[in-house]
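S.K.: what's the 3D shape of this:
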Amino acid sequence: DFCLSRGLGDVYKRQSLRSQYDKEIERLQESLQDKATKEKSNLQKRLAAKKNKRISDLKMEGKSDSEASSIVATEEEKAMVDLTEKLETEADEAIADKRKEALEAERKLIAKEHEMATMAATNAQLQKEAAVEAMRQIRLQHETDAKQLEASMLTQHKTQESNLKSRLAERRAAKLRDVADSAERQQHEAALQQEELESMRALQKQNAAEDERLKAEQLAQQELQEAQALEALKRAEIEVAKAAAKEAALRAFKDLQAQAEEDINLREVQRMREIHDRQEEKQKAELEAQKKAGKGKLEELSLIHISE
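M.R.: Predicted structure coming up:
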């Protein structure tokens, strides 16, 4: 749940960042549109203020009313086209810069998220390794404890059997002390031997039952400890898988974003090339027009000279 909430939190951060920049781009577009409208309006006012004087100047150069009006209309149209192209270029550049800024901000955010995910994956792996080592140590300790219990029970059994033999020997000596008859003595010895054998068997049976009880208790405790360690190991493995998946997803996202940045850069280069080509074509067209105008002027002067 924690990992899921962290993952959703990262997604919400990116969505919030994108939403923020989408709004900024929208406001920028509105601002640029307002600027374009004002500049076009101001240009129209300046052209209108200069129109009559420009027509008058053209008439003084020998142009007719219709020619002067046509030239002025062409000049005004060209001025408006130039301004429109300039404003569009500026707007495209401003919006492109803002989109680059948004992409860079998201790139930094993702880079930070990826760095944190990589650290989380490393920590998760370390925790898993620690859990594996803990399980190994627990099993080694269980083996040692089992051997120690076995040795302890064996020592205790030997002591108990030795004590029992001593007590039985003392009992035998006490019972046979006053028996003088050989046959009777043999009969008592046989009976005592049988009793001693039964006593030893009873002690061994009691010890075996106690051994089983102690081993069962130890095994139950060991199984509980191993189950807890195994559960911790499973949780660690799940965390490793989650962290690795998140790190891989963010790495893939970074790769996609890098490709997106490359595509944007390529489109920007193409756009700049197209602007350059249009400006070059425009300059060529203007130069050609100037050449034609100059040639026409020379022809007009030549005709005037000939007529004179």
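S.K.: Can you spell out which helices and strands pack onto the lowest-mean-pLDDT helix or strand in the chain?
M.R.: When each helix and strand of the chain is scored by mean pLDDT, DSSP states H and E, helix 182-307 comes last, with a mean of 81. Counting contacts by 3 or more CB pairs under 8 Å, 6 or more residues apart in numbering; DSSP states H and E, helix 182-307 is packed against helix 2-60, helix 65-176. (Each C-beta comes from the backbone N, C-alpha and C, glycine too.)
S.K.: And the ones you listed, which one averages the lowest pLDDT?
M.R.: Least confident of those, judged by mean pLDDT, is helix 2-60 with a mean of 85.
S.K.: So which elements touch it?
M.R.: Using 3+ CB pairs under 8 Å, 6+ apart, helix 2-60 sits against helix 65-176, helix 182-307.
S.K.: any idea which of these is most buried?
M.R.: Greatest average neighbour count among the helices and strands packed on helix 2-60 goes to helix 65-176 (a mean of 14), per mean count of other CB atoms under 10 Å.
S.K.: circling back: save the helices and strands packed on helix 182-307 as TSV, and put in distance to Leu287 too.
M.R.: Listed next are those as TSV, based on distance: least, CB to CB, whole Å:
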stretch	distance to Leu287
helix 2-60	22
helix 65-176	14
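S.K.: Report the angle between the least confident helix or strand of the chain and helix 65-176.
M.R.: Angle, helix 182-307 to helix 65-176, by axes from the mean of the first three to the mean of the last three CA atoms, to 10 degrees: 170 degrees.
S.K.: centre of the chain versus helix 182-307, how much separation?
M.R.: Its chain's average C-alpha position is 9 Å from that of helix 182-307, according to CA atoms, centre = their mean, to the nearest Å.
S.K.: Switch the helices and strands packed on helix 2-60 over to TSV; also include distance to Lys40.
M.R.: Shown next, in TSV, are the helices and strands packed on helix 2-60 (distance: least, CB to CB, whole Å):
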stretch	distance to Lys40
helix 65-176	6
helix 182-307	19
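S.K.: Would you check how far apart the residue located most distally from the centre of the chain and Lys35 are?
M.R.: Of all residues in the chain, Asp181 has its C-alpha farthest from the mean position, at 99.3 Å, by CA atoms, centre = their mean. Here the criterion is CB to CB, to the nearest Å. By it, Asp181 lies 139 Å from Lys35.
S.K.: How about Glu90?
M.R.: 9 Å.
S.K.: try Leu126
M.R.: Per CB to CB, Leu126 is found 57 Å from Lys35.
S.K.: what's the answer for Asp57, then?
M.R.: Asp57 is 31 Å from Lys35, by CB to CB.
S.K.: ok, now Arg14?
M.R.: Counting by CB to CB, the gap from Arg14 to Lys35 is 31 Å.
S.K.: Then Asp255?
M.R.: Taking CB to CB, one finds Asp255 at 38 Å from Lys35.
S.K.: One more: Ala134?
M.R.: Counting by CB to CB, the gap from Ala134 to Lys35 is 67 Å.
S.K.: cool, Ala173 as well?
M.R.: 125 Å.
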